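Q: model this:
(2 chains)
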Amino acid sequence: GESVGLHLPTLSVQEGDNSIINCAYSNSASDYFIWYKQESGKGPQFIIDIRSNMDKRQGQRVTVLLNKTVKHLSLQIAATQPGDSAVYFCAENIRFGNEKLTFGTGTRLTIIP
Amino acid sequence: ETGVTQSPTHLIKTRGQQVTLRCSSQSGHNTVSWYQQALGQGPQFIFQYYREEENGRGNFPPRFSGLQFPNYSSELNVNALELDDSALYLCASSALEPANYGYTFGSGTRLTVV
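A: Below you'll find the predicted structure:
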């Protein structure tokens, strides 16, 4: 069945350093991928998305890379700040087809001051 | 532009009872999806509503049901509550149109079944 998994459940990074969070997906039909940030007691907050016709997309301090050959997704956060501490989820979707988002279990990112 | 709002924020119910959770979608969005997030896990898709009808359902029993209203707001109803129903219930609204494709989540309702 469909699944989205993460390589590392926890990640600790020194403030100011860059962090990379990885994600593997299994459904080759997925064509839309989203990274969400979830802080304690809150709902998932959109960070960045990417469609399958792209392999890289940049936002403010964040970059998402998509490697369809190995079904791998990564989120790079530059110059991490204490406010980046949260659980990060990748999610996959088939646009205009199967409308559900399939989430992984998440990676907890801790920024060390 | 208003975001997705959910009510109540917290709720405690007894096993066997029924519960109704509510969601107001983001302005401009016409589709609402519901997710269940157990502690320490990723959200799991329950179902989606579009044009007031169910438009896809995850692996949840029939005692999980929903409604969507003409103003695109939605309700999630759970009957015969079980202890395992304790979770954060998230609502996500979306437009599902090419130029505006994407999902916006609310802050959720924390349901505790005792």
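
Q: Show me what the strand or helix carrying A:R108 packs onto, helices and strands only.
A: Following DSSP states H and E, one finds A:R108 within strand A:107-112. If contacts are counted by 3 or more Cβ pairs under 8 Å, 6 or more residues apart in numbering or on different chains; DSSP states H and E, strand A:107-112 sits against strand A:10-14, strand A:19-25, strand A:86-93. All C-beta spots, glycine's among them, are computed from the backbone N, C-alpha and C.

Q: Please convert the ones you listed to JSON lines, extending it with mean pLDDT.
A: Converted to JSON lines, these look like this (pLDDT from 0 to 100):
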{"stretch": "strand A:10-14", "mean pLDDT": "94"}
{"stretch": "strand A:19-25", "mean pLDDT": "94"}
{"stretch": "strand A:86-93", "mean pLDDT": "95"}
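
Q: Can you tell me which of the ones you listed is most buried?
A: Comparing these by mean neighbour count (mean count of other Cβ atoms under 10 Å in any protein chain shown), strand A:86-93 comes out on top with a mean of 24.

Q: Count the neighbours of the one residue in chain A that gets nearest to chain B for me.
A: Residue of chain A nearest chain B, by Cβ to the nearest Cβ: A:F103 (3.3 Å). Residues near A:F103, counting by other Cβ atoms under 10 Å in any protein chain shown, number 24.

Q: and it, bridged to which residues?
A: Beta-bridge partners recorded for A:F103 (DSSP bridges): A:A91.

Q: ok, it to B:P62 distance?
A: Between A:F103 and B:P62 the distance is 23 Å, computed by Cβ to Cβ, to the nearest Å.

Q: before we move on, what about A:W35?
A: Plainly put, A:W35 is 33 Å away from B:P62 if you go by Cβ to Cβ.

Q: Which of those two has more residues huddled nearby?
A: A:W35 (24 against 7).

Q: The host helix or strand of the more buried one near chain B anywhere?
A: Per DSSP H and E, A:W35 falls inside strand A:32-38. Yes. Applying Cβ under 8 Å from any Cβ of the partner chain, one finds strand A:32-38 in contact with chain B at A:32, A:34, A:36.

Q: So the next helix or strand after that strand, near chain B or not?
A: Downstream of strand A:32-38, the first helix or strand assigned by DSSP H and E is strand A:45-51. Yes. Using Cβ under 8 Å from any Cβ, strand A:45-51 reaches chain B at A:45-46, A:49.

Q: Quick check: which ranges of the chain have low pLDDT?
A: Let's take chain A. Within chain A, the stretches with pLDDT under 70 are A:1-8, A:97-98.

Q: I was after chain B.
A: Applying pLDDT under 70 to chain B picks out residues B:1, B:98-100.

Q: Next up, the contacts around B:G106.
A: By Cβ atoms under 8 Å, 6 or more residues apart in numbering or on different chains, B:G106 lies in contact with A:43, B:3-6, B:23, B:90-92.

Q: All good on my end, thank you.
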